[in-house]
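*Asks:* what follows is a predicted structure for the sequence shown.
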Amino acid sequence: MNILSIISLSAIMLFACNQQTKETVEIKVQSESKIEKVVAPPIASDTVFTFENYKTNELPQDWSQYATGKKKETEWKVINDKGTNVLAQLSSNNPNYHFNVVVFDEFEAKNVELIVRIKGVEGSMDRGGGFVWRFTDADNYYVVRANPLEDNVVLYKVVNGRRTDLPLIGKGKTYGVDVDALGEGWNTLKLKVVDDLFTVYLNEKEIFQVKDKTFENSGKIGLWTKADAVTYFDEFEVRKLGD
């Protein structure tokens, strides 16, 4: 075989090799792209929101804010509190019968366990806050809240915009329960929802139970404040229980 033939054959082999390598790379990239889409994690049924990965001074992505009452003003944002990102309700000009709500759009459940740390910062009419669950819209949901101005915890249903406190198992209509002084620092509120039974805990202690069947279907979950309460929330744990 002469030199020219050898050079030509080498060029052909090199071209074929490059083409094969290119095709292999393209197939690999396409395969990795497909794998990435397949294994992308779904919305977890057991999630802790620390808000560290959210941008400050904005409403968190995948969350929506609502207001119950005549005035539709509410202001939920992630802010930095002494080096830690928290979710805050900042609107302080609302009337007494006004409820501020923020819900996570990508999660619905009937039975759920919720835990959150709460710090009541400001508010002369109201302070503190709590959870909403089985949320249908701004006027229909359950809510339980802790109030540092009253030092009590109360569970309500909101039906067509009207809030009604619910009786406690074994105690009746007591307007919730009085608790030790909540103060100006952080407190931990916990709720366990199983069908029509709602169990409420404050700072790791069970404080009361309620049974109610007003809202029996799955709904969204979120956080709540009333009137002029400026409140910070952190380490919001959401755990879906077997429906």
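*Replies:* Now that the structure is in, tell me what you want to look at.

*Asks:* list the residues that contact residue 207.
*Replies:* Applying CB atoms under 8 Å, 6 or more residues apart in numbering to residue 207 gives the contacts 153, 177, 179, 200-201. The C-beta positions use only the backbone N, C-alpha and C, and glycine is treated the same way.

*Asks:* any of those buried? List them.
*Replies:* 153, 179, 200-201 (16 or more other CB atoms under 10 Å).

*Asks:* any buried residues in stretch 159-169, and which?
*Replies:* Residues of stretch 159-169 classed as buried: 163, 166, 168 (neighbour count, 16+ other CB under 10 Å).

*Asks:* which of the buried ones among the contacts of residue 207 lies closest to residue 100?
*Replies:* Closest approach between the buried ones among the contacts of residue 207 and residue 100, by CB to CB: residue 153, at 18.1 Å.

*Asks:* how close does the closest one sit to residue 50?
*Replies:* Using CB to CB, to the nearest Å, residue 153 is found at 24 Å from residue 50.

*Asks:* end to end, how far does stretch 92-99 reach?
*Replies:* End-to-end distance of stretch 92-99 (CA to CA, to the nearest Å): 12 Å.

*Asks:* what about it, distance to the chain center?
*Replies:* A distance of 22 Å separates the centroid of the chain from that of stretch 92-99, by CA atoms, centre = their mean, to the nearest Å.

*Asks:* contacts for it?
*Replies:* 67-71, 73-74, 100, 122-123, 125-126, 143, 158, 163, 224-228, 230.

*Asks:* name the residues of stretch 48-57 that are buried.
*Replies:* The neighbour-count check on stretch 48-57 (16+ other CB under 10 Å) flags 49, 51, 54 as buried.

*Asks:* what of stretch 79-94?
*Replies:* Buried, per 16+ other CB under 10 Å, within stretch 79-94: 85-91, 94.

*Asks:* how many neighbours does the spatially closest residue to residue 241 that is not a sequence neighbour have?
*Replies:* Of all residues not flanking residue 241 in the chain, residue 111 sits nearest, at 4.0 Å (CB to CB, 6 or more residues apart in numbering). Neighbour count for residue 111, taken as other CB atoms under 10 Å: 17.

*Asks:* ok, residue 111 - contacts?
*Replies:* Counting by CB under 8 Å, 6+ apart, residue 111 makes contact with 193-195, 240-243.

*Asks:* got the end-to-end distance for stretch 83-99?
*Replies:* Taking CA to CA, stretch 83-99 runs 28 Å from one end to the other.

*Asks:* average pLDDT across stretch 226-236?
*Replies:* The pLDDT scores in stretch 226-236 average 96.

*Asks:* what about it, distance to the chain center?
*Replies:* Distance, centroid of stretch 226-236 to centroid of chain: 13 Å (CA atoms, centre = their mean).

*Asks:* renumber starting at 402 from here on
*Replies:* Okay, residue one is now 402; in that scheme the one you just asked about reads as stretch 627-637.
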